[in-house]
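**Student:** This is a predicted model, with the sequence first.
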Amino acid sequence: MNRQIQDAYIVAATRTPVAKRRGAFKNVRPDDMLAHVLSAVVKQVPAFDLAEIGDVVVGCAMPEAEQGMNVARIGSLLAGLPNSVPGITVNRFCASGLNAVADAANRIMLGECDIAIGAGTESMTAMTQIMGNKVSLNPAIFEKHENLAIAYGMGLTAEKVAQRYGVSREDQDAFAVASHQKACAAIAAGKFKAEITPYLVRGHLPDFASSAVRIVERVFDTDEGPRPDSSLEGLAKLKTVFAAKGSVTAGNSSQMSDGAGAVLLMSEAALKRTGARPIARLRGFSVAGVPPEIMGIGPIAAIPKALKHAGVNLADVDWIELNEAFAAQALAVMRDLKLDPARVNPLGGAIALGHPLGATGAIRVATLMSAMQRGEAKLGMVTMCIGTGMGAAGLFEVV
Amino acid sequence: MSNFIIRKLAVLGAGVMGAQIAAHCANAEVPVLLFDLPTKEGDPNGVVKRALDGLKKLEPSPLATADRVQYIEAANYDQDLAKLAECDLIIEAIAEKMEWKLDLYAKVAPHIRADAIFATNTSGLSINRLAEGCPASLRPRFCGVHFFNPPRYMSLVELIACKGTQAGLLDDLEAFLTTTLGKSVVRALDTPNFVANRVGVFSILAVMHHTQRMGLGFDEVDALTGPLIGRPKSATYRTADVVGLDTLVHVVKTMTDNLPGDPWQRFYSVPQWLQALITKGALGQKTRAGIFRKDGKQIKVLDLAAQDYRDASGKAADEIVAILKNKNPVEKFAQLRASSHPQARFLWAIFRDVFHYVAYHLDGIANNARDIDFAMRWGFGWTQGPFETWQAAGWQAIAEAVAADIAAGEAMASAPLPAWVFERNGVHEAAGSYSASAQTLQGRSSLAVYRRQLFPERVFGEQETQGSTVWENAGVRMWTTDDEEGKRVPVLSFKSKMCTIGAEVLDGVREAIKRAERDYHGLVIWQPKPPFSVGANLQQFKPALEADDFGLLEEAVANFQATSMAIKYAKVPVVAAVVGMALGGGCEFTLHAPRAVAALESYIGLVEAGVGLIPAGGGCKEFALRTAQAAARTATNDPMAFLQSVFMTIALAKVSRSAKDAKEIGFLKQDDIVVFNPAEVLYVARKNALAMYESAWRPLLPPAGIAVAGRNGIATLEMMLLNMREGGMISQHDYKVARAAAVALCGGEIESGTLVSEQWLLDVERAQFVELLKTPETQQRIAHMLEIGKPLRN
């Protein structure tokens, strides 16, 4: 194995459908969801020796409880990957899944291995308190004014962004409706079919009449979040939840969700050896910090950094997966960077499709890869804001 | 003696009343089936399920806790009639249509077990005619049980026998209704609309008649006929809107149809204008318009002259208010009659006609005068029934005035007052209340169930006992009753207004505990009238606050804490017997009592945040201790798992909506006792004290080491506050107050997991309390509460 910098190619990407929190995946464990996408993604290329996988990097924003104990390793073993294949869980909150793909690519680019998997899994159902199973803040946060925003809830930061960037309630609601409409249209047109590996949900339920355990099976193959009946009138009725005189509602925020995604990457040598066909290569990836109280503008810092790193122009990016944590921050980012709305989330975003935190990055890479395979994108970006004030952006170029 | 146990109950009809009766059974741990017609498409129990959903939205809530609804089993007449065989009591509560009821009876009768009771909740149809619709074998077990809306809150249930009803059956049922469901039973006769609705509806018709005759506004009349004369805030017309104008018409019609020859027959009809409202679909609250209508925040009232709604602004005149505020009823009525003010003439007229009506009808509609008075208190929320009002105002003087008005043609009917009226000096006496039909005084029911009511509600003129005082000071009275158990367990009652807790109460409680430890087997803290206590007497803080004497204030708080601890660690059991509000310090006493016995309708809470303070009579300490103990039973030993909800409870000054709710919140312990009938609380509390004494009970030793949430816990709770403040949902001072609660609940700014004592926790909460007292914002809140009686948001 040589030690020089080389390109990393994405040869396959898949995901589960995304379920609403306490929805179709309410009894499905995040390690099982991960195992599902890991075993599916390796089957999408001609068979190869799985022991060649150099690392399985898995993003997870709350790596504890059902998704604790290094879920990457557990998911790999449950997926039947050889014992010799290592696994690592990475946490960069909402960018965990994207960061996992970038980290997996790094393994290849640095020549550490020729094949790697970047993935993400998150069950927000399992996280009963959302902020983790034991919330405990550092008293030091409250001792200094400049540290207070560490303790800000995400919704509050969205309110701050809406205020500072002048994003109105009406614009946020309209953006949310559009997200639902685009997502519903995409589902109707079957645009997610290729990227989703349906999940056979097997529920173990009590059959009270016979006192036996009843197995209930259901094939889950379509994202649960999008609402065809979403309307401006309906959204206008929702109450703001994070601020008394605010504009952010449950309706113009991302949905809490459960899901997983996995991306298989190879070096040029591995492509030749396995006969796998590359879809795209990672052109660049950057992360940048912003003030925690307006964490939603993270992409404003991360996107130019990534473009510069990759040496490409924004005008050439024809497909942007901008995670819709909140309509307020998505609109602030789009306006500040003058992103072309037609290129942003053509199939809808997290307000409709859901946002399983640490899995979202890997899931949206799968969406972008699918668009590239359909010939709808040449140079694409996946980007998101990150709690406590960061942004991440990854650029992918069709091969 | 044999036990009478309702193992399962069925309610037929999932309308407003049926569903709420079922809910109250579920509140009382009585398994209940709720039946209605099958739904043709979809879930056959769709009608009932929708009714159950409706229960969750009703205000005030018919459910003691939100989860109660899941204990009501949905059923339908097509599939589930066989399940009636499981039921010991079946209450029919379908629409008031004789044919529908009779059809249903034919359908269900074959499924009713031979020893089960079948009862109708009709509000006015003849019980005997309904009984004829039952097979002969069922009639001895048929009767009327008439609940009032809303059944959880209205205490009255009228119990009506049909001709063949077994006597013992009604006695058993009365005990069940009284103790298990906590209702107040009046035995009624099978006359149209029974007792309460007969008199209550007539009273409404009389008000309507005189309103129109004198050309008064509906808003003005409501101002006159509400709390000023001891009736509910919704007074007359708003009550009609709440009940539903169509429903009102329905009960009036029962009287129109069934009371020919009654001297008031020509008034048994609803006025034209009311009929017109119904035609327009303005049925009251349920259609958002009736006699009143809400336009945004403005309440509008129908104006008959203008034939339109106008702003409601009617008021009682100052001179009338002055008369009504007179505490001497003899003078009050004399002044009302002497005044030429139209409002006074109106008020006298409505009293006069109701007096006339009940005197005339006493022999026909009720067993005795007490039953009519109680029916009006319990079924219509009057603080006094018509007979006792009359008697208090001077029986003969009023009788002569009524007679004079009848003679002058001023009364609504010309029938003379019955002769007995002039032969008596009242209807209620020590020996009992007058029965016009039996022409004698009738004492209280001798049923065993009433032995559980040591101090039942009394009508004016009835004999009242107050026990023997064994010790008292300016704040409290310690007393006993003369029976064997009463001599063993004295009662401690507070003398203060709303049973607030000031220095003299604190001293009195501690002294009483000393005496109980020396001479008795327990002590019950119980108030002859609710509330249990609305908390600390803030008035007593004022001088020290004005003098900036915080040392004195701290001493007062320490005194409070010492009293709570004295309750907790008394060597004989101190039982808190709670009825109604137990707020602030009242809640803290309840928390510290080794046992509380609480009426279902207990509203318990730590509301100190409203005046910018935190609980410091041991309330925060007790919750810190309990969360630590709960956490110690879990694998993670993390008190935060329990503290967050406790913290929100205190920060938001949450008050329980029932005793069962109080258990869920944690204001009552799981082994505290919930009693459905408030009149039985003292009895049960005393029995509990005795049982504890007989069990050789001793107070638990003070906990050895309490693991607190400490600094990390405070920071974690502070996160919530920060987000609420930054979101503009709470003020800076709210933040400060809630943070002080967080510090007290987390055991101070020390390392998480540190082991502390109760005294440390008391010291922390006291220090936080005094710091808050020093802030101008808290002082403003206290001053505002003392002046206005409502919390100030600053």
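**Tutor:** That came in fine, so what should we check first? What you see is a predicted model, and the numbers here were worked out from it, not measured in a lab.

**Student:** so residue B:381 makes contact with residue B:231?
**Tutor:** Yes. Between residue B:381 and residue B:231 there is a contact under Cβ atoms under 8 Å: 6.7 Å. The way it works is simple: take the backbone N, C-alpha and C, and place the C-beta from them, glycine included.

**Student:** So in terms of bridging, what pairs with residue 120?
**Tutor:** I'll assume chain A. Beta-bridge partners for residue A:120, by DSSP bridges, are residue A:59, residue A:261.

**Student:** let's do chain B instead
**Tutor:** Where residue B:120 sits in a bridge, its partners, by DSSP bridges, are residue B:92, residue B:144.

**Student:** That one - how many residues pack around it?
**Tutor:** 28 (other Cβ atoms under 10 Å in any protein chain shown).

**Student:** List the contacts of it.
**Tutor:** By Cβ atoms under 8 Å, 6 or more residues apart in numbering or on different chains, the contact list for residue B:120 reads B:91, B:92, B:93, B:101, B:127, B:130, B:142, B:143, B:144, B:145.

**Student:** Work out for me the element the fourth one sits within.
**Tutor:** By that I understand residue B:101. Assessed by DSSP states H and E, residue B:101 sits inside helix B:98-108.

**Student:** Report the buried residues of stretch B:415-425.
**Tutor:** With burial defined by 16 or more other Cβ atoms under 10 Å in any protein chain shown, the residues of stretch B:415-425 counted as buried are B:415, B:417, B:421.

**Student:** Would you mind measuring the gap between the ends of it?
**Tutor:** Distance across stretch B:415-425, first residue to last, is 21 Å (Cα to Cα, to the nearest Å).

**Student:** Next, report how far it is displaced from the centre of its chain.
**Tutor:** On the basis of Cα atoms, centre = their mean, to the nearest Å, stretch B:415-425 sits 35 Å off its chain's mean C-alpha point.

**Student:** returning to what we had before: from the chain's centroid, how far away is the helix holding residue B:101?
**Tutor:** How far helix B:98-108 lies from its chain's middle: 34 Å, per Cα atoms, centre = their mean.

**Student:** swap in stretch A:166-181?
**Tutor:** Computed by Cα atoms, centre = their mean, the chain-centroid distance of stretch A:166-181 equals 21 Å.

**Student:** What pLDDT does the model give the residue lying closest to residue A:7 once chain neighbours are set aside?
**Tutor:** Closest residue to residue A:7 apart from its sequence neighbours, by Cβ to Cβ, 6 or more residues apart in numbering or on different chains: residue A:281 at 5.0 Å. Model confidence at residue A:281, expressed as pLDDT, equals 96.

**Student:** contacting residues around residue A:31?
**Tutor:** Counted by Cβ under 8 Å, 6+ apart, residue A:31 has contacts A:66, A:67, A:71, A:74, A:75, A:78, A:121.

**Student:** Now for the residue lying closest to the fifth one once chain neighbours are set aside: which residues touch it?
**Tutor:** Spelled out, it's residue A:75. Residue nearest to residue A:75 in three dimensions, not counting chain neighbours: residue A:34, with 3.2 Å by Cβ to Cβ, 6+ apart. When the contact criterion is Cβ under 8 Å, 6+ apart, the partners of residue A:34 are A:58, A:71, A:72, A:74, A:75, A:78, A:79, A:119, A:121, A:260, A:262.
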